[in-house]
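Provide a 3D model corresponding to the input given below.
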Amino acid sequence: MDVRLSQEQRALQDAAARLVADLGPRTVADLDDAERRSKLDAALAATGWRELRNDASTVEAAIVAEELARGLADVSFIGPVLQLVAQPGAIRAIARPVRDMAADLTGAFAGIPADADIAVGLALTCADLVGVMRGAIDLSTAYARDRKQYGAAIGSFQAVQHLLADAFVAMEGSRSVALHAAWAVDALPPADALAAAAIAKAYCARAARSVCETAIQVHGGIGNTWDCLAHVYLRRALTAIDLFGGVGPNLDRVLTDFLRISPTPHGKPAESREGSVDFSDSPDEAAFRARLRDWLRDNNPGLPASSTSDAYWAGQASWHHALFDAGFFGLSWPKAIGGHELPSVYDVILDEELATAGTPPRPSLGYLVQGILEHGNADIQARFLPGIVSGQERWCQGFSEPDAGSDLAALRTRAERDGDDFVITGHKVWTSYSDVADWCLVLARTDAAVPKHKGLSAFVVAMDQPGIEQRPLKMINGMTKEFGEVIFDGARVPASHMIGDPGDGWRLAMTVVSHEREPGELGYVARYKKTAHELTESVRANPAAYGAEQSRDLAWAIVEAEMLRLHVCRRLSDRLDGITHGPEGSVDKLLMTQVEQAVGHAALSIGGDEASLSTYLYSRAQSVMGGTSQIQRNLVATRILKLPTK
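Numbers count the residues shown, from 1 in each chain. Predicted coordinates for the structure are as follows:
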């Protein structure tokens, strides 16, 4: 499994982007320039890209479609690729003034379309929609940086920043499902390819309309004038949404497919994976999957999902030990600490199979391991990491405080030097598993005379000692075992247990929280897929008991959970290039929140029991814990979209 674009595919992407940058429309008036359009059409014909599906793959065709749509290329591409026949009078009013694009996107197949025809049509219109979203976001962020109101760029206003951050997040989720849909056309049987494409179209169609509407809103009054390109992006999106159906018809397809039988998400082992996007298993990955599946068949602990019951937390340690002893935990971590040094995509396989088997997710410890790997010295790593990975020593994280949540640098917990030790005094809250932890990773202030971010240090503190009091926090769903408060009143920690140097605590904290925001590091995909599967089984057993609104809630939960699985595949594949994600973790956190709350809504709608209510209530915390959604939007806006801060 490796879903990176190959060098050749990246070169194709760049070439398509250059073509439309040179000859595409830059203004609404340019759409009436017949000479420019003729040059663009001739240049596109000379590339041979309209024959890509004959000579290459749907992925290559989708790459070109996305870039052409991003630049509003107003000549035919998707129509010829799909071998569509023009339909007189088929262009709806929404498509004007983009008639040439609309004619391309509103044709019909010469004969009765098979599943494979519809699948490729859906996949390429999804690529078009992703390109439209990227173009609309580019247009809007540029405008927000330049447009001044109240003496400042409107892009510095939080309200505008959050609109554009949400648009970017929706586009990123869409890229993940659209890429998978294009791959599925070439790699999976037609029925499975159609199922993948329906998921992608439902997600992309909803996202694209919202993103383009946001573009008009960000442009304000200008966005409602004919000469602003924002409405051209919207018209193109609406046209692409129409072809092969938008949200409703494809959600119906999704639900029908899943109620019949859940599609196999990973496909068949690939014979050759060199140089191309591939969501399928290599022979080694397939063998690992089969071994894991056989083991899970005999070792399912039967615990509830972690969000529904204290029973999960009571059994989590045993589940951790079982996974580790069988060789299924710490898959991508170094062998020296108990890992297996496998590519990160093996974690995707693990999460998929845990969800399919209906087992609990893997324990969420990656953020601690990554923090200590990056910032701890050799002695710290050797002493503590093997115990974390094996589960022999249990850990909690002491960062947040009553007066320092999102503003973590405002924390008041102090660590004062006393000989060879530091003495810790303070109050931590939202401390996961503190009642069973052997150790706590504590962030404390060691220097009050410097700026608040620079005066923090990190320590590994033994929890079984005088001077530490633990208090359980009862959550709104009734759980008492996951979170607690910890009072430090003279607790001692050896100076040798400091991670990094004095004042390095903020850097470690940012590493930890960035990984804490990544669903691939946490293993949460398995939890969401498990819940969606259980809800599907309930509806499958008695479909007459559920109405249209409940079915729609379930369909969105299925779509959202699958989007996150595919997005994690993209993110973990990036690591093969040595790419580490900084502010991009905020995108992942926002997508994860969106998924958890969609699954929670479906549970509330369909479940009707205490466990389902608990799942819904727990989902409300996802937009707060690990960094609130509002703070994540700030980070996306300023660090990824480069919007001004003032």
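
Could you list the low-confidence segments of the stretch 451-600 of the chain?
Applying pLDDT under 70 to the stretch 451-600 of the chain picks out residues 520-522, 578-581.

Strands of that one, start to end?
456-462, 468-472, 483-494, 498-499 (DSSP state E, counting those that start in this stretch).

One more: the chain?
84-85, 108-109, 148-149, 152-153, 395-398, 414-418, 421-432, 439-445, 456-462, 468-472, 483-494, 498-499 (DSSP state E).

Mind putting these into CSV with mean neighbour count?
C-betas here are computed from N, CA, C, even on glycine. Converted to CSV, the strands of the chain look like this (neighbours: other CB atoms under 10 Å):
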stretch, mean neighbour count
strand 84-85, 16
strand 108-109, 14
strand 148-149, 10
strand 152-153, 16
strand 395-398, 25
strand 414-418, 16
strand 421-432, 21
strand 439-445, 25
strand 456-462, 23
strand 468-472, 15
strand 483-494, 19
strand 498-499, 22
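
So what's the residue count around the residue lying closest to Gly478 once chain neighbours are set aside?
Counting by CB to CB, 6 or more residues apart in numbering, Gly478 lies nearest to Ser614, which is 6.7 Å off, once chain neighbours are set aside. Ser614 has 24 neighbours, counted by other CB atoms under 10 Å.

Check Asp294 too.
Neighbours around Asp294, by other CB under 10 Å: 10.

same thing with Pro360?
Other residues lying near Pro360 total 24 when counted by other CB under 10 Å.

Distance check, the nearest residue to it once chain neighbours are set aside against Glu596.
Closest residue to Pro360 apart from its sequence neighbours, by CB to CB, 6+ apart: Leu303 at 4.7 Å. Counting by CB to CB, to the nearest Å, the gap from Leu303 to Glu596 is 19 Å.

quick one: furthest residue from the center of this structure?
In the chain, the residue that sits farthest from the middle, by CA atoms, centre = their mean, is Gly419; the gap is 46.5 Å.

Now the phi/psi pair for it, please.
phi 70, psi -120 (degrees, to the nearest 10).

and it, how far is that from Gly500?
To Gly500, Gly419 is 21 Å away according to CB to CB.

Can you point out the buried residues in stretch 277-288?
Neighbour counts over stretch 277-288 (16 or more other CB atoms under 10 Å) mark 277-282, 285-286, 288 as buried.

His180: neighbour count?
If you count neighbours by other CB under 10 Å, His180 ends up with 29.

still on that earlier bit, settle this for me: the residue nearest to Gly478 is touching Tyr312, isn't it.
No: counting by CB atoms under 8 Å, Ser614 sits too far from Tyr312 to count as a contact (10.9 Å).

which residue sits closest to Asp438, ignoring its sequence neighbours?
Nearest residue to Asp438, sequence neighbours excluded (CB to CB, 6+ apart): Glu393, at 4.7 Å.

quick one: that neighbour from Ile199, how far?
As for Glu393, its distance to Ile199 is 41 Å (criterion: CB to CB).

Tell me which of the two has more neighbours.
Using other CB under 10 Å as the criterion, Glu393 and Ile199 rank with Ile199 on top: 31 against 15.

what about the stretch 1-150 of the chain, any weak spots by pLDDT?
Residue ranges of the stretch 1-150 of the chain with pLDDT under 70: 55-56, 84-113.

packing partners for the lengthiest helix in the chain?
In the chain, assigned by DSSP state H, the helix with the most residues is helix 115-146. Applying 3 or more CB pairs under 8 Å, 6 or more residues apart in numbering; DSSP states H and E, we find helix 115-146 packed against helix 58-70, helix 78-82, strand 152-153, helix 158-187, helix 190-219, helix 230-242.

Make JSON lines from the strands of the chain and add distance to Leu188 to it.
Output for the strands of the chain, formatted as JSON lines (distance: least, CB to CB, whole Å):
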{"stretch": "strand 84-85", "distance to Leu188": "23"}
{"stretch": "strand 108-109", "distance to Leu188": "20"}
{"stretch": "strand 148-149", "distance to Leu188": "50"}
{"stretch": "strand 152-153", "distance to Leu188": "46"}
{"stretch": "strand 395-398", "distance to Leu188": "41"}
{"stretch": "strand 414-418", "distance to Leu188": "55"}
{"stretch": "strand 421-432", "distance to Leu188": "39"}
{"stretch": "strand 439-445", "distance to Leu188": "43"}
{"stretch": "strand 456-462", "distance to Leu188": "46"}
{"stretch": "strand 468-472", "distance to Leu188": "48"}
{"stretch": "strand 483-494", "distance to Leu188": "42"}
{"stretch": "strand 498-499", "distance to Leu188": "46"}
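
Quick one, which of those strands gets closest to Pro190.
strand 108-109 (14.3 Å; CB to CB).

Could you report the neighbour count for the spatially closest residue to Trp313 that is not a sequence neighbour?
Nearest non-adjacent residue to Trp313, counting by CB to CB, 6+ apart: Lys481, 3.8 Å away. Lys481 sits with 21 neighbouring residues when counted by other CB under 10 Å.

coming back round to it: could you quantify the relative orientation of the longest helix of the chain and helix 158-187 as an angle?
Taking axes from the mean of the first three to the mean of the last three CA atoms, to 10 degrees, one finds helix 115-146 and helix 158-187 inclined to each other by 160 degrees.

any idea how far helix 115-146 is from the chain center?
Distance of helix 115-146 from its chain centroid, counting by CA atoms, centre = their mean, to the nearest Å, is 18 Å.

same question, stretch 603-618
For stretch 603-618, the distance to the chain centre is 23 Å (CA atoms, centre = their mean).

these two touch, right, Ile372 and Ile499?
Yes: between Ile372 and Ile499 there is a contact under CB under 8 Å: 6.5 Å.

For stretch 370-382, give the mean pLDDT please.
Throughout stretch 370-382, pLDDT has a mean value of 94.

Quick one: residues contacting the residue lying closest to Tyr528 once chain neighbours are set aside.
Closest residue to Tyr528 apart from its sequence neighbours, by CB to CB, 6+ apart: Ala561 at 4.3 Å. Counting by CB atoms under 8 Å, 6 or more residues apart in numbering, Ala561 touches 525, 528-529, 532, 595, 598-599.

try 7 Å
By CB atoms under 7 Å, 6 or more residues apart in numbering, the contact set of Ala561 is 528-529, 532, 595, 599.

Just to check, Phe258 is in contact with Leu535?
No: counting by CB atoms under 7 Å, Phe258 sits too far from Leu535 to count as a contact (9.9 Å).

Against Gln594, how distant is the spatially most central residue of the chain?
Against the mean C-alpha coordinate of the chain, by CA atoms, centre = their mean, the closest residue is Asp588 at 4.0 Å. For Asp588, the distance to Gln594 equals 11 Å [CB to CB].

Then Ala193?
Per CB to CB, Ala193 is found 25 Å from Gln594.

out of these two, which sits in the more crowded spot?
Taking neighbours as other CB under 10 Å, Ala193 and Gln594 compare with Ala193 leading, 27 against 20.

Double-check the more buried one against Val120; I have them as touching.
No: here Ala193 does not reach Val120: they are 8.0 Å apart, not a contact under CB under 7 Å.

now do the same end-to-end measure for stretch 600-619.
One end of stretch 600-619 sits 6 Å from the other (CA to CA, to the nearest Å).

mind listing what's buried in it?
Quick answer for stretch 600-619 (16+ other CB under 10 Å): 600-607, 611-619.

taking these one by one, which sit in helices?
Those of the buried residues of stretch 600-619 lying in helices (DSSP H): 600-606, 611-619.

Where is pLDDT lowest across the residues you listed?
The lowest pLDDT within these belongs to Ala611, with 85.
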